[in-house]
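In: the sequence isn't on hand, but the structure is:
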């Protein structure tokens, strides 16, 4: 069974907690070429796009769900928005959960909107990432 509009509202279990460290923040900032001093030192905050590191395993739950019959090589990431309640900080232990918000089938494409909610171990929300993906089904042989 392929993904359908009926999959909207599907929630996946939390991914393994992600430990944010000063080393990982610095490594990420270096990869970006961003030398902002706020991303270094003993108590750094993470660049905003660091959220993508935490989202990736959550998105993978959706992409690898056998019931949806999605093929990663036929998915295009079309839109991404982040809502921050506070920055990620070294020492945070982040729990991420993905939910399928909406599925639309249009002209042979499946448009999937989903949200990853990221919270600290204490339950306080840190960030929410909303994305839209387009998946094209392989034409029947």
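Out: Noted; the coordinates are in hand. Just so it is clear, the model here is predicted, and its values are computed rather than measured. Numbering: from 1, shown residues only.

In: what sits closest to the spatially most central residue of the chain if chain neighbours are left out?
Out: For the chain, residue 55 is the residue whose C-alpha lies nearest the centre (CA atoms, centre = their mean; 2.7 Å). In this structure, residue 55 finds its nearest non-sequential neighbour in residue 116, 4.6 Å apart by CB to CB, 6 or more residues apart in numbering. The way it works is simple: take the backbone N, C-alpha and C, and place the C-beta from them, glycine included.

In: list the contacts of the one you found.
Out: 54, 55, 58, 59, 96, 97, 98, 128, 129, 131 (CB atoms under 8 Å, 6 or more residues apart in numbering).

In: could you do residue 16 as well?
Out: Counted by CB under 8 Å, 6+ apart, residue 16 has contacts residue 57.

In: same for the host helix or strand of the residue nearest to the centre of the chain, what does it pack against?
Out: Assigned by DSSP states H and E, residue 55 falls within helix 51-63. Helix 51-63 sits against strand 18-19, strand 75-84, strand 93-106, strand 109-120, strand 125-136, with contacts defined as 3 or more CB pairs under 8 Å, 6 or more residues apart in numbering; DSSP states H and E.

In: tell me where the model's unsure across the protein.
Out: When residues are selected by pLDDT under 70, those of the chain lie in 139-141.

In: burial of residue 86, as a residue count?
Out: Around residue 86 there are 12 other residues, counting by other CB atoms under 10 Å.

In: that one reaches residue 126, doesn't it?
Out: Yes - using CB atoms under 8 Å, residue 86 is in contact with residue 126, at 5.9 Å.

In: ok so, going back, and residue 10, which of the helices and strands packed on helix 51-63 is closest to it?
Out: Residue 10 lies closest to strand 93-106 among these, at 4.6 Å (CB to CB).

In: distance between the closest one and the chain's centre?
Out: 8 Å (CA atoms, centre = their mean, to the nearest Å).
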